[in-house]
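Undergrad: give me a model of this one.
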Amino acid sequence: MIMGISFPLSATPPNRLDASVRTEAFGLARPRSTSDMCAMAQGPDIARIAAMVGDPARSNMLSALMSGQALTARELADVAGVTAATASGHLTQLTDAGLLWMRKQGRHRYFALADADVANALETLAGLAATRGHVRSQPGPNDQALRHARVCYDHLAGTLGVAVFDSLADAGALAVTCDDITLTDLGAKTVGDLGLDPSTLKTPRRPLCRVCLDWSERRSHLAGALGAALLTHFEAQDWVRRRIGSRHLDVTAKGTQGFRSHFGIRLD
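TA: Below is the predicted model:
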């Protein structure tokens with residue numbers, strides 16, 4: 001989205017602007033001096049991250065790890081459709097770039113996403129790809145199930161995740177603004193009624209509440225320490241069950257009742 005650009009009524013329509021004007025208006029002009037070029041070269045190197053995510057095999061590996069589970073190098077090679085040797089090279093690059101962490105256990109190497117920031121970035125990119133029409137296949141039964149309820153790294157996503165977020169926000173449990181989200185006093189009581197103590201969830205490295213853009217709904221669901229704690233609670237109470245080797249979540253009969261009574265969400 002291009003913000004802050006307007007054209008007077010008397011001006012030439014945007015589609016008739018000559019190339020140089022269009023280039024200036026949309027910030028695409030070449031830097032005019034060496035100092036300008038040096039200034040552009042400073043700051044975070046997003047090109048390296050983009051290169052890591054942009055490779056199809058590595059992209060498939062990262063998507064598989066969005067379940068929050070650690071997978072072996074062999075499993076990730078199968079997901080990516082490459083040989084073990086090729087997968088090893090990809091995994092080394094992803095680990096060196098800080099996107100994955102690796103742990104050896106016995107004769108196996110297990111890989112997982114480095115942290116929630118990586119997961120949030122991948123979910124946002126998935127949303128961007130979906131809105132731009134970059135979808136690899138037509139939705140099938142599994143896709144519909146994935147859209148309904150799934151794991152996004154360590155929190156609930158999909159239609160159900162968005163519904164939980166909306167329920168908390170509409171009830172005043174979450175105070176949501178354009179650039180911030182906080183748990184209110186009412187919200188602390190609400191999650192307390194579920195058996196969760198928000199004061200024990202706060203850590204210096206992770207916010208209690210965080211908004212995550214849902215790729216299938218194009219709306220927000222709840223991430224952060226509270227989002228992770230809620231998914232853990234839903235699983236512990238047998239409201240949802242993970243499918244083995246998948247991000248899919250199936251809602252149980254107990255969960256259907258629980259989501260209705262606690263969040264006002266009707267699933268039947």
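
Undergrad: which residues of this protein score low on pLDDT?
TA: Applying pLDDT under 70 to the chain flags the ranges 1-41, 137-142, 179.

Undergrad: longest helix in it, by residue count?
TA: Criterion DSSP state H: the longest helix present in the chain is helix 116-131.

Undergrad: tell me how many other residues crowd the closest residue to residue 97 other than its chain neighbours.
TA: In this structure, residue 97 finds its nearest non-sequential neighbour in residue 52, 4.9 Å apart by Cβ to Cβ, 6 or more residues apart in numbering. Yep, even glycine has a C-beta here, placed from its N, CA and C like the rest. Neighbour count of residue 52, defined by other Cβ atoms under 10 Å: 19.

Undergrad: residue 52 contacts residue 45, doesn't it?
TA: No. Using Cβ atoms under 8 Å, residue 52 makes no contact with residue 45, being 11.1 Å away.

Undergrad: doesn't residue 90 make contact with residue 55?
TA: Yes. The criterion here is Cβ under 8 Å, and residue 55 meets it with residue 90 at 7.1 Å.

Undergrad: so what does the longest helix of the chain touch, helix or strand wise?
TA: helix 46-54, helix 56-64, strand 210-213 (3 or more Cβ pairs under 8 Å, 6 or more residues apart in numbering; DSSP states H and E).

Undergrad: may I have the helix or strand just after the shortest one exported as CSV, CA atoms only?
TA: What it means is strand 210-213. Using DSSP states H and E, the helix or strand that follows strand 210-213 in sequence is strand 220-223. What follows is strand 220-223, C-alpha atoms only, in CSV (Å, rounded to 0.1, in the frame of the first residue of the first chain):
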residue,chain,number,x,y,z
SER,A,220,-5.7,-11.1,13.6
HIS,A,221,-5.3,-14.0,16.0
LEU,A,222,-3.6,-13.9,19.4
ALA,A,223,0.1,-14.8,19.7
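
Undergrad: done for today, thanks.
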